[in-house]
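*Asks:* have a look at this prediction, sequence included:
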2 protein chains.
Amino acid sequence: MTERRAPARLSGPVRVVGSGLLGTSIGLGLAGRGVEVIVDDVSPMARRLAVEYGAGRPPGPDDVPALVVVAVPPDVTGAVVAAELQRYPQAIVTDVASVKAAILAEVRTSGADVTRYLGGHPMAGRERGGAVSARADLFSGRPWILARHEAVDPRAAGLVEALILDLDATPVELDVEAHDQAVALVSHAPQLVASLLAARLIDGPDAALGLSGQGLRDTTRIAAGDPALWVQILVANAGPVAEVLRPLRDGLDEVLTALGDIDGPTARRRLLETIAAGNDGVARIPGKHGTSGRYTTLTVRVDDRPGELARLLTEIGEERVNMEDLRLEHSPEAQVGFAEVSVLPAAAAPLADALAARGWALLEADR
Amino acid sequence: MTERRAPARLSGPVRVVGSGLLGTSIGLGLAGRGVEVIVDDVSPMARRLAVEYGAGRPPGPDDVPALVVVAVPPDVTGAVVAAELQRYPQAIVTDVASVKAAILAEVRTSGADVTRYLGGHPMAGRERGGAVSARADLFSGRPWILARHEAVDPRAAGLVEALILDLDATPVELDVEAHDQAVALVSHAPQLVASLLAARLIDGPDAALGLSGQGLRDTTRIAAGDPALWVQILVANAGPVAEVLRPLRDGLDEVLTALGDIDGPTARRRLLETIAAGNDGVARIPGKHGTSGRYTTLTVRVDDRPGELARLLTEIGEERVNMEDLRLEHSPEAQVGFAEVSVLPAAAAPLADALAARGWALLEADR
């Protein structure tokens, strides 16, 4: 999968600072395209590992990188970016941290040449894993945000975009502030909400937890994220995250008021509006391939034996239908599962008929 | 799938009131076992449809049901249960509403013979869909709660348990109050939290929504639920839901205080504790088959062509590995997907090696 050999857009040596999952994956991806990569890390052991992986060569005293990619934890990114700008006065410097305004401010304050800094944020993979989880194709097909700011040199935009394209990712331009507000809305606030909800389960009776369904699993899944990393992110994006959570808290207060006076004149309307607003909000999340709107979901009963789901998907393929999404839902204590197969609306009814004719049990057709 | 013909435990005529998804499915399931079913509905049209589906026969003037199953919307369940108790003085009456204490109180207040009422709550399917979505096997392998109360006649417990077993569901006994607290924790409060979070997306810029990942999709998926039905549920379970949401609101207030004074002495610790508590809470959710603990997840890159996922699953089957769970993750604007395959921890490393040897690209191994 990494063997495609289209000529790389980047030419100069690229210096990657930090050899965790992202840094090592960037090194592997660029090295695989024939770009000269220098890989560095404060830990000599981590650096050696990344070099052995093929992510690049160790740094030397005469390095003149054209581009420096800083891939270190968010709380030290600003300082490392500033240091790299000063160390390599000709180089463009970018980073991969999931917050941008605080880092830009830190670079500005440092007195480093901020015109050569253009931050980035690849929306790729999980942020845990380290070098051992690195993949040359980690960024393939993923959005990678270029976080514009007023002072940036046009040459920087060209080089960082070339980096993104060489890694088969999709460049998305956003202002620094718009970026931070966007990730506060779609990532950082949801993380805190999921954590607060999941925390309610700590003292729940076993019998209650035993009734957990897919809904609870979904709403709390991301609450399993790494606390130390999340604190760094939240500290660096506190303002925008608070701006999302404040009206949410006000909405929660109104819900609590309604629940506390459930026979009051406005309680039912308040609850109805809350659920209806949730309907409207979730409808705004784009589907696969960046398109908006919904797919039609067929729920098919699948016996819990190896090969059954494969047989279902093979038969869907034989019907020449492309699945847009797939979920497997399990019942506690049951030896059956339910495959939720999402397809384009026009394909749903013919596929349902075809599967039924092949002997599959379809539970219901959702919107 | 509904052709198993073990002798039914229930013998008497069973009267099902309400021919929506649940009522019609109950009728189909019992009729398939040879039990005499009477199906009724306030809407003659809906009743006729259920009869045509094979869910039972229409009611007659001389019906003497042994068991009445009330499967009407939550806000009228109490009144219908009371009316059925009075109309059939020998019958045991149960229901399928997802709240229990409010209904029991309503039955008590009505003066009906509450000793013959034992509420139930099948944790099955979606609650939308109507008779057209009904399936004889809707309850197969699902938990079905018997909501005990002090006054209940032991004969009632026997009959309702027979109903549950005849529908291949799993009886779970809980006190009425414990039931309502449990579903408040694992279902009703998560619904409101997902709705409040999703509502924040209404005014989000398109560019922000375009960065939505699987985490946001998961945390907000259930926010697409039916507002009218949810208001009925929340009204009937307001107290227990508020008991879950109040400490959540307090936690959110503390998070907002921390975010508002991010350099203050306790801000970082407060955020760290919030994320860590979420880790602990999500770890309490039981996995598949009622077991606790985690599976190991392999993330496999799958090209977005018909048949590719089927080929992957076929090859997993050939390796004699049983998947515990499967998720398909899409990148916006990409023609690749990532299949997250969960397996027992012991199976993970050999499967990863086998898939890699077969040419699949594995992204990383999670916990």
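*Replies:* Yep, that arrived. Numbers count the residues shown, from 1 in each chain, chains lettered A, B, ... in the order given.

*Asks:* right, is the helix or strand where residue A:80 lies up against chain B?
*Replies:* Residue A:80 belongs to helix A:74-87 when assigned by DSSP states H and E. No - between helix A:74-87 and chain B, judged by Cβ under 8 Å from any Cβ of the partner chain, nothing touches; the nearest distance is 10.1 Å. The way it works is simple: take the backbone N, C-alpha and C, and place the C-beta from them, glycine included.

*Asks:* outside of that helix itself, list whatever touches it.
*Replies:* Contact partners of helix A:74-87, identified using Cβ atoms under 8 Å, 6 or more residues apart in numbering or on different chains, comprise A:15, A:17-18, A:68, A:70, A:72, A:91, A:93, A:95, A:97-99, A:102-107, A:110-114, A:116-117, A:119, A:229, A:232-233, A:235-236.

*Asks:* again, only using 7 Å
*Replies:* A:17, A:68, A:70, A:72, A:93, A:95, A:97-99, A:102-103, A:106-107, A:110, A:112-113, A:116-117, A:232-233, A:236 (Cβ atoms under 7 Å, 6 or more residues apart in numbering or on different chains).

*Asks:* and for stretch A:314-323?
*Replies:* By Cβ under 7 Å, 6+ apart, stretch A:314-323 touches A:341-343, A:347, A:351, A:354-355, A:358, B:306-307, B:310, B:314.

*Asks:* give me the buried subset of the residues you listed.
*Replies:* A:341-343, A:347, A:351, A:354-355, B:306-307, B:310, B:314 (16 or more other Cβ atoms under 10 Å in any protein chain shown).

*Asks:* closest to residue A:34 among those residues?
*Replies:* residue B:307 (32.9 Å; Cβ to Cβ).

*Asks:* nearest residue to that closest one other than its sequence neighbours?
*Replies:* In this structure, residue B:307 finds its nearest non-sequential neighbour in residue A:317, 3.8 Å apart by Cβ to Cβ, 6 or more residues apart in numbering or on different chains.

*Asks:* now the strands for chain A?
*Replies:* In chain A, the segments counted as strands under DSSP state E are A:14-17, A:37-40, A:67-70, A:92-95, A:119-122, A:143-148, A:170-175, A:296-303, A:325-330, A:336-343, A:362-365.

*Asks:* can I get the third one as PDB, trimmed to CA atoms?
*Replies:* The reference is to strand A:67-70. Listed in PDB are the C-alpha atoms of strand A:67-70, where the atom choice follows Å, rounded to 0.1, in the frame of the first residue of the first chain:
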ATOM      1  CA  LEU A  67      11.200  21.900   6.500                       C
ATOM      2  CA  VAL A  68      11.000  21.000  10.100                       C
ATOM      3  CA  VAL A  69       7.900  19.000  11.400                       C
ATOM      4  CA  VAL A  70       7.500  19.200  15.200                       C
END
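
*Asks:* hmm, residue A:254 is touching residue A:270, no?
*Replies:* Yes - Residue A:254 is within contact range of residue A:270, at 5.7 Å (criterion: Cβ atoms under 7 Å).

*Asks:* so for the longest helix seen in chain A, mean pLDDT?
*Replies:* Longest helix of chain A, by residue count under DSSP state H: helix A:238-260. In this model, helix A:238-260 has a mean pLDDT of 98.

*Asks:* tell me which residues in it are buried?
*Replies:* Those would be A:238-242, A:244-245, A:248-249, A:251-252, A:254-256, A:258-259, for helix A:238-260 by 16+ other Cβ under 10 Å.

*Asks:* with adjacent residues omitted, what lies nearest to residue A:178?
*Replies:* Leaving aside its chain neighbours, residue A:178 sits nearest to residue B:207 (6.5 Å; criterion: Cβ to Cβ, 6+ apart).

*Asks:* so who does the one you found touch?
*Replies:* A:174, A:178, A:182 are the contacts of residue B:207 under Cβ under 7 Å, 6+ apart.

*Asks:* same check on residue A:167?
*Replies:* Counting by Cβ under 7 Å, 6+ apart, residue A:167 has contacts A:26, A:29, A:139.

*Asks:* which ones, among the buried residues of helix A:238-260, also lie beside chain B?
*Replies:* For chain B, the contacts drawn from these by Cβ under 7 Å from any Cβ of the partner chain are A:238, A:241-242, A:244-245, A:248-249, A:251-252, A:255-256, A:259.

*Asks:* adding distance to residue A:194, write those out as CSV.
*Replies:* Output for those, formatted as CSV (distance: Cβ to Cβ, whole Å):
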residue, distance to residue A:194
A:238, 18
A:241, 13
A:242, 17
A:244, 13
A:245, 12
A:248, 12
A:249, 15
A:251, 17
A:252, 15
A:255, 18
A:256, 20
A:259, 21
